[in-house]
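Chemist: The following comprises the amino acid sequence and a computationally predicted model.
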Amino acid sequence: MTGSIPRHPSSTRHKARKRALDIMFEAELRGRSVLATLVERTDAAEPPVREYTAEIVRAFDAHAADIDARISAALDKDWSLDRMPLVDRTACRIAVTEMRYLDLPVGVAVSEAIALVEELSTDESPTFVSGVLNNVVLD
């Protein structure tokens, strides 16, 4: 783990975020809406979809254009949303969703996004995601 903020990857909220990432990732790969994928995964219930997972997915769906615009504006000029690794992009989307629409404190949202990419993405991803989200916060 990096940084001085303690992380609790086994916490219920962390698991809910990871499941939201799984659903949003799957939706993008399949070219489907996040809500349709959420319904499929909720109906399948393997693993069960927590209420907080559904809150994240619904809030992202309702505000996707704004969230993506904020992330895009935070990227360096040589980067685009489509160029970002899908896991990193999805973790950033979750963090911005939580900060803007679910009233999660900025530090917690950023820390959780970093924890997700540490677990699921490249070695460079935690630093990259941290930089993007810090730019979103400053914007």
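Modeler: Received, thanks.
Chemist: For the longest helix along the chain, name the packing helices and strands.
Modeler: Criterion DSSP state H: the longest helix present in the chain is helix 51-74. Secondary-structure packing of helix 51-74 (3 or more C-beta pairs under 8 Å, 6 or more residues apart in numbering; DSSP states H and E): helix 12-30, helix 34-44, helix 86-101, helix 125-138. Glycine gets a C-beta too; all of them are placed from N, C-alpha and C.
Chemist: out of those helices, nearest to Ala73?
Modeler: helix 125-138 (7.8 Å; C-beta to C-beta).
Chemist: Counting neighbours, which bits of the closest one end up buried?
Modeler: 125-126, 128-130, 132-133, 136-137 (16 or more other C-beta atoms under 10 Å).
Chemist: that older thread, looking at the helices and strands packed on helix 51-74, which one is packed in the most?
Modeler: helix 86-101 (a mean of 24; mean count of other C-beta atoms under 10 Å).
Chemist: by how many degrees do whichever helix or strand comes after that helix and helix 86-101 diverge?
Modeler: Sequence order places helix 106-120 as the next helix or strand after helix 86-101, per DSSP states H and E. Here helix 106-120 points in a direction 160 degrees away from that of helix 86-101 (axes from the mean of the first three to the mean of the last three C-alpha atoms, to 10 degrees).
Chemist: Now do helix 106-120: which elements does it pack against?
Modeler: Right, helix 106-120 is packed against helix 12-30, helix 86-101, helix 125-138 by 3+ C-beta pairs under 8 Å, 6+ apart.
Chemist: how about those helices in TSV, adding mean pLDDT and distance to Ile71?
Modeler: Shown next, in TSV, are the helices and strands packed on helix 106-120 (pLDDT from 0 to 100; distance: least, C-beta to C-beta, whole Å):
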stretch	mean pLDDT	distance to Ile71
helix 12-30	97	13
helix 86-101	98	5
helix 125-138	96	6
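Chemist: Of the ones you listed, which is nearest Glu112?
Modeler: helix 12-30 (5.7 Å).
Chemist: so how far is the closest one from its chain's centroid?
Modeler: 8 Å (C-alpha atoms, centre = their mean, to the nearest Å).
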